[in-house]
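>>> Give me the fold of what follows.
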Amino acid sequence: MMSEREMLHVLSVTTLASFLTGINARILIVGIPELAHSLGADVEQVFWFTQAYMLGSTAAQLIVGRLSDLYGRVNLFSLGFLLFSFPALLCGFSSDPLQLILLRLIQGVGAAFLMTLSLTIITDAVPRERLGTWIGVNQVAFRAGSLIGLTLGGLILDRMGWRWLFWFYVPIGIASVLWSKVRLRERYGPIERPRVDTLGFLIFTSSISLILLSLTLAAYGAHNIRKSILLASLGLILLIVFTYWERRFPSPALDLRLFRSWQFTGGIVAQFLYSLAFGSVSALLVIYLSVLRGYSASLTGLSLLPFELAFLIFGTLGGRLSDAYGYAPVTLIGLILASASLYSMSSFSMQTPPQLLLASMLLLGCGAGLFVTPNTSSIMASSPVERRGVASSMRTLSFNVGFALSLNLCILTMTRFIPYDLASRLIAAHTIVNLEEAGVLARALSETFRVQSFIVASAMLFSISRLPLGRVKGS
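You can find the predicted model right below:
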C-alpha cells in the first residue's frame with residue numbers, strides 16, 4: 001500500500017497536469033473574437049480553434065489508454081507534457097486560421113495523454129473508498145487553471161496580444177516534464193502481451209473525422225446537405241465496422257466488455273450527453289458578453305468567474321458526497337441544477353440584469369461540479385485494474401466526442417435563426433451594427449441555450465437508472 005506522502009507526490013504531478021490543461025481550456029475562450037478579427041476567421045473556423053484540439057485528443061484516446069495498459073503509465077504521461085507544450089509555442093506564431101487549427105490538433109494529441117493518464121494514475125494509487133475525494137481534488141485543479149485562464153487571458157489580450165495566450169504556459173509545460181520525472185514512479189505492472197490494435201485505431205479515427213466533417217458541411221448551408229448526409233453515413237458505417245472488429249480482435253483498442261457493467265455504461269452515456277450540451281457553453285457566453293453586451297476581454301473573463309468558482313467548490317464537495325452517499329443521487333442533483341441554469345440562460349438579452357447573469361452562472365457551476373466528479377469516479381471505480389487505462393480513455397472519449405459534436409450542434413442551431421455570414425461578421429467585428437441584428441443574434445443564442453438545457457435533462461435518465469446501485473462495490 002502506498003504511503004500518504006507518496007500519494008501526495010502522485011497528486012502533485014497529476015494536479016499539475018490538470019491545472020495546465022485547465023489553463024489551456026479557458027485562456028483561449030476570451031480571445032475568440034480577437035482571434036477571429038486578427039486571423040480573418042469565419043464562424044466555423046472560430047469553433048474549429050477549439051474543435052481541432054478536441055478532435056486530436058479524441059483520435060489519440062484509443063491508442064493512449066491501450067498503450068498505458070500494455071506498457072505502463074509514467075513514461076507516456078511525461079511524453080504527454082511535451083506533446084502538449086511544444087505545439088503551443090508554435091501556435092503563437094500562427095499567421096492564418098488553418099495553421100492555428102492544425103497546431104491545435106497536434107496539441108490535442110498531447111492533451112489525450114494528460115487527461116487519460118492523470119485519472120488512471122490516481123485510480124491506481126488511492127484506496128477505492130477515497131477515490132471520489134481525490135478525483136475531486138484533481139478536478140479542482142482543472143477548475144483553478146480555468147479560473148486563472150479566464151482572468152489572465154483577458155489581461156494578456158488587453159495588454160500583450162493574443163499570441164501570448166499560447167506562449168504564457170509553455171514554461172509551465174516544460175517544468176511539468178521535469179516534475180513528473182522526479183515525483184512519479186511506475187507502479188502498474190502490465191499483465192498482457194503487448195499488441196496494439198492499429199487497424200481499430202484507424203477505423204475509429206476515420207469514423208469520427210467523417211461525422212465531424214459532415215456536420216461542418218451542414219453548418220455551411222443547405223446546398224451541402226447531400227454531401228453532409230453521405231459523409232455521416234460513411235462515418236456511421238465505419239463505426240459499425242469498428243464495433244464488429246473490436247469484439248473479435250484479441251487485444252482491442254477499446255475493450256467493449258467494460259460496457260457489461262451498467263454503472264460504467266450509464267456513466268459513459270451521461271458523460272456524453274453532458275458534454276454534448278456543455279461543449280459550446282463557454283464560447284456562447286463569450287459571444288453573448290463580448291458582442292451583445294460589449295464587454296472587453298478582461299471584463300468577459302471576470303464575468304465567467306462565478307461559474308468557475310462554483311465548479312471549483314462543488315467539484316470537491318461532489319467527490320466527498322459521492323464517497324459518503326453513492327454516485328447516482330449526487331450526479332442526478334447536479335444535472336437538475338445544470339439543466340435549470342441553461343434554461344434560464346435562454347432568456348438572456350441585451351437588457352438582462354447582472355444579478356440574473358450571476359445567478360445563472362453560479363447555478364451552472366454548482367450543477368456541473370456535482371455531476372462531473374462523482375460521475376468520473378463511478379466510471380473509474382467500476383473498471384478492473386488491468387483495464388483502467390482503457391476505461392479512462394473511454395470516459396475522456398465520451399467527453400471529447402460530445403464536446404466536439406456540441407460545437408457543430410451549436411452552429412447548426414444558431415444558423416437556423418441567423419445567417420451564417422451575418423454571424424461571422426458580428427463575431428469578428430466585436431460590435432453590433434444595429435438593434436435588428438442584435439435581436440437576431442440574441443434569438444439564435446437563446447434557442448441554442450434551450451436545446452442544451454433539454455440535452456442535459458435527458459442525461460438525468462442515466463443517473464436515475466443507477467440509483468438502486470448506490471455506491472460502487474469493489475470488483
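
>>> where does Gly161 land in three-state SS?
Three-state call for Gly161 (DSSP: H, G, I helix; E, B strand; the rest coil): coil.

>>> Equivalent analysis for Val390, please.
helix.

>>> do Ser383 as well
coil.

>>> Now do the same contact list for the nearest residue to it once chain neighbours are set aside.
Closest residue in space to Ser383, ignoring its immediate chain neighbours: Ala391 at 3.5 Å, by Cβ to Cβ, 6 or more residues apart in numbering. Placement of C-beta: from N, CA and C, glycine included. Contacts for Ala391 (Cβ atoms under 8 Å, 6 or more residues apart in numbering) come out as Gly65, Leu258, Phe264, Ile379, Met380, Ser382, Ser383.

>>> Just the buried ones from the residues you listed?
Neighbour counting with 16 or more other Cβ atoms under 10 Å marks Gly65, Leu258, Phe264, Ile379, Met380, Ser382, Ser383 as buried within the contacts of Ala391.

>>> Phi first, then psi, for Gly40.
phi 70, psi 40 (degrees, to the nearest 10).

>>> burial count for it?
11 (other Cβ atoms under 10 Å).

>>> Over to Asp197?
20.

>>> Ile333 now?
Neighbour tally, Ile333, other Cβ under 10 Å: 19.

>>> Would you agree it is in contact with Leu370?
Yes. With contact defined as Cβ atoms under 8 Å, Ile333 reaches Leu370; the gap is 5.6 Å.

>>> Show the backbone phi and psi for the residue nearest to Arg293 when sequence neighbours are not counted.
With sequence-adjacent residues excluded and distances taken as Cβ to Cβ, 6+ apart, Arg293 is closest to Met350, at 6.7 Å. Phi and psi for Met350, reported as degrees, to the nearest 10, are phi -70, psi -20.

>>> from what I can see Met350 touches Tyr295, true?
No. In terms of Cβ under 8 Å, Met350 does not count as a neighbour of Tyr295; the distance is 11.7 Å.

>>> more crowded one of these two?
Ranked by neighbour count (other Cβ under 10 Å), Met350 and Tyr295 place Tyr295 first, with 18 against 14.

>>> tell me the secondary structure for Gly294?
Gly294 ends up coil, using three-state DSSP.

>>> which is the next helix or strand following the helix or strand of the chain with the lowest mean pLDDT?
In the chain, no helix or strand scores lower on mean pLDDT, DSSP states H and E than helix 420-429, which sits at a mean of 66. Going down the chain from helix 420-429, the next helix or strand is helix 435-464, by DSSP states H and E.

>>> just checking, what packs against that following helix?
helix 262-278, helix 281-287, helix 327-345, helix 388-414, helix 420-429 (3 or more Cβ pairs under 8 Å, 6 or more residues apart in numbering; DSSP states H and E).

>>> re earlier: quick one: which of the buried ones among the contacts of Ala391 is nearest Ile135?
Met380 (7.1 Å; Cβ to Cβ).

>>> Quick one: residues contacting the closest one.
Leu119, Thr120, Thr123, Leu131, Ile135, Arg388, Ala391, Ser392, Arg395.

>>> Please apply the same query to Ile379.
Applying Cβ under 8 Å, 6+ apart to Ile379 gives the contacts Phe264, Gly267, Ile268, Gln271, Ala391, Met394, Arg395.

>>> ok, which pair from these is furthest apart?
Farthest apart among the contacts of Ile379 - using Cβ to Cβ - are Gln271 and Ala391, which lie 11.8 Å from each other.

>>> Would you mind measuring from the residue nearest to Arg293 to Gly439?
9 Å (Cβ to Cβ, to the nearest Å).

>>> quick one: Gly326 and Ser378, what's the gap?
Taking Cβ to Cβ, one finds Gly326 at 9 Å from Ser378.

>>> Those two: which is more packed in?
Using other Cβ under 10 Å as the criterion, Gly326 and Ser378 rank with Ser378 on top: 31 against 20.

>>> list the contacts for that one?
With Cβ under 8 Å, 6+ apart, Ser378 has these contacts: Gln263, Phe264, Gly267, Ser322, Tyr327, Ala328, Thr331, Arg466, Val472.

>>> Please identify which helix or strand holds it.
helix 354-381.

>>> low pLDDT regions in the stretch 351-475 of the chain?
By pLDDT under 70, the low-scoring segments of the stretch 351-475 of the chain are 386, 404, 420, 423-434, 467-475.

>>> same thing but 80
381-394, 396-397, 400-401, 403-405, 407-408, 411-412, 415, 418-438, 465-475 (pLDDT under 80).

>>> Show me the domain layout of the protein.
4-197+249-469, 198-248 (automatic domain parsing).

>>> Contacts for stretch 111-120, please.
With Cβ under 8 Å, 6+ apart as the criterion, stretch 111-120 contacts 14, 17-18, 20-21, 24, 53, 56-61, 64-65, 68, 73, 76-77, 79-81, 83-84, 135, 138, 376, 380, 388-389, 392-393, 395-396.
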